[in-house]
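# Output the structure for:
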Amino acid sequence: MTQNSNFENISSFSSIKKPLNDKTISFPAQKRTAASRMRLFIYFFILMILSFLFLIVGYQLSSINYEMRNNNEPISNANVITSVNKISKQELTDIIKATVSISVFNNEYLSEATGVIISSNGYIVTNDHIYQDVKAPTILVFDQNGNQYKAEYIGGDSKYDISVIKISAENLPFCQFDDTIELKKGDEIYSIGRQGSVTKGIVSEYVFETNGNSKSVKMIRTDCSVNPGDSGGPVVADGKIIALNCSKTVALDVEGMSYLLPANTVIKAVNQLIQHGIIIDRPALGISYNYISPVYAIQNNCTSGVRIDLINSNSDLYGKDFICGDVIIAINGKEINREEVMLDCLANCSAGETVELTIRKINGTDRDVTVTLITDSSISSYSSE
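Take a look at the predicted model:
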């Protein structure tokens, strides 16, 4: 009984466990799990490929969209309407070939500068300040091949900070200034300096740079590096010379601020300097003034605009019953709410042309007057004595 009972217990145990073993150890079930994993892997692989293709297409579309937006968005500066393309190395190399190094010296002083050849027979444009303190100078020019030439001074103007010299040579590599390109804020430019050195910067804005007591010269402000000897070098955009390097601001609280004379001013100035030795048509009102801003006017209970401090005897305003303290509040119908309004208007005129002024007299009455612009005198830093 005992043995049978034990046998029956064992048999019962075996009969219970076998079905369990059949359910938990099933080869067909293992095959179905491997197939599922394979399908999951294939789905994941396809998803990765589609994601990669989506990223490529998205990048291309965003690049095209950025380029279209960059080419079409206007900049707030009203004087700037077009953008420039990236310059090629060959275009830059061609302009460097026409760039020269200049040494201006006497027994006491030496000034080093840069210039650009603008004609095959040796006319060269550079700055005028390079002659400052160098009286009766010797001017030597060195081209990119190391050839040396003695140069003759043709003419210059300290207000525009531009001058023309000439060397006796023919068939020289040359480049001319191009005034058809108008720059946008943020456009890349290249400044070529002494011995063909190159720095890159971006355009900031058009400003009226102070030169002595005058602010009549419209400049392009950039962050191009300007080093000693780079004065008078050409500035390039879109493969063209678009400006002349003139100056930079040196101060503890100022970084990377340089000023360029735009090509349209350079071209007009060069033609006059070659023909006459001076600038003959730069306009002026013939007054000394202080600009009163709207904020200052509110603070001090006075009139905003251009306050007349002195009327020169050669001014067309002289003898027309205007006095010091009268304020010019409009020019050619435009309210002078910024000093640049008047300066822009004058910069687009020539000596001998007329402008319409609205002047508020000290007694509070407004008076309109037509004024003929006089010639702003042209003086150079060059001295032959």
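# For the residue sitting nearest the centre point of the chain, which three-state class applies?
Geometric centre of the chain, nearest residue: Val203, 1.9 Å, by CA atoms, centre = their mean. Val203 falls in the strand class when you classify it by DSSP: H, G, I helix; E, B strand; the rest coil.
# for it, what are its contacts?
183-187, 189, 220-222 (CB atoms under 8 Å, 6 or more residues apart in numbering). Where you see a C-beta, it was placed from the backbone N, CA and C, and this is true even at glycine.
# Show only the entries of the residues you listed found in strands.
189, 220-222 (DSSP state E).
# which two from the residues you listed end up farthest apart in space?
Ile189 and Arg221 (11.4 Å; CB to CB).
# Now Tyr160: closest residue in space, sequence neighbours ignored.
Ala269 (5.3 Å; CB to CB, 6 or more residues apart in numbering).
# how close does that neighbour sit to Met48?
64 Å (CB to CB, to the nearest Å).
# ditto for Asp281
From Asp281 over to Met48 the distance is 70 Å, taken as CB to CB.
# Over to Met257?
51 Å.
# more crowded one of the two?
Met257 (17 against 10; other CB atoms under 10 Å).
# Let me know the pLDDT of that one.
Met257 carries a pLDDT score of 80 in this model.
# That one and Asp223, how far apart?
7 Å.
# Over to Asp133?
For Asp133 relative to Asp223 (CB to CB), the value is 29 Å.
# Between the two, tell me which one has more neighbours.
Asp223 (16 against 13).
# Quick check: that one touching Glu205?
No: with contact defined as CB atoms under 8 Å, Asp223 does not count as touching Glu205 (11.3 Å).
# continuing past the helix or strand hosting Phe54, what's the next helix or strand?
In this assignment (DSSP states H and E), Phe54 forms part of helix 27-72. Using DSSP H and E, the helix or strand that follows helix 27-72 towards the C-terminus is helix 89-97.
# Name the surrounding residues that touch that following helix.
116, 144, 173, 175, 190, 192, 196, 198, 234, 236, 239, 241.
# A helix includes the residue nearest to Tyr160, no?
Yes: under three-state DSSP, Ala269 falls within a helix.
# From Lys159, how far out is it?
10 Å.
# try Thr222
As judged by CB to CB, Thr222 and Lys159 stand 20 Å apart.
# Counting neighbours, go ahead and name the busier of these two.
Taking other CB under 10 Å, Thr222 and Lys159 do not tie; Thr222 has more neighbours (28 against 19).
# mind listing what the more buried one touches?
189, 191, 201-204, 235, 257-260.
# so Asp321, which of the three states?
Applying three-state DSSP: Asp321 is coil.
# how many other residues sit next to it?
Quick note: Asp321 (other CB under 10 Å) scores 9 neighbours.
# How is the protein divided into domains?
2-70, 188-266, 283-375 (automatic domain parsing).
# Turn the contacts of Val203 into CSV, including pLDDT and distance to Arg367.
Output for the contacts of Val203, formatted as CSV (pLDDT from 0 to 100; distance: CB to CB, whole Å):
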residue, pLDDT, distance to Arg367
Leu183, 86, 39
Lys184, 86, 40
Lys185, 89, 39
Gly186, 90, 43
Asp187, 91, 43
Ile189, 92, 45
Ile220, 91, 37
Arg221, 89, 36
Thr222, 90, 42
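# Of those residues, grab the buried ones for ChimeraX.
Listed next is the ChimeraX selection for buried residues among the contacts of Val203, using 16 or more other CB atoms under 10 Å:
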select :183,184,187,189,220,221,222
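# Could you pull out the helices in this structure for me?
2-24, 27-72, 89-97, 263-276, 294-300, 339-347 (DSSP state H).
# ranking the ones you listed by mean pLDDT, which is last?
helix 2-24 (a mean of 39).
# in terms of contact, does Ser168 touch Tyr149 like I think?
Yes: contact criterion CB under 8 Å: Ser168 and Tyr149 qualify, at 7.0 Å.
# which residues are common contacts for these two?
Gly122.
# which of those two has more neighbours?
Tyr149 (19 against 10).
# so the more buried one touches Ala169, yeah?
Yes: assessed by CB under 8 Å, Tyr149 is found in contact with Ala169 at 6.1 Å.
# Now list whatever residues contact both of those two.
Gly122.
# Count the residues that sit near Leu55.
There are 10 residues near Leu55, going by other CB under 10 Å.
# OK, contacts around the closest residue in space to Ile280 that isn't next to it in sequence?
Once flanking residues are discounted, Ile280 sits nearest to Gln272: 5.6 Å by CB to CB, 6+ apart. Counting by CB under 8 Å, 6+ apart, Gln272 touches 155, 278-281.
# Return the distance of Gln272 relative to Leu346.
The value you get for Gln272 to Leu346, if CB to CB is used, is 17 Å.
# same thing with Leu183?
Applying CB to CB to Leu183 and Leu346 gives a distance of 22 Å.
# One more: Ser313?
Applying CB to CB to Ser313 and Leu346 gives a distance of 20 Å.
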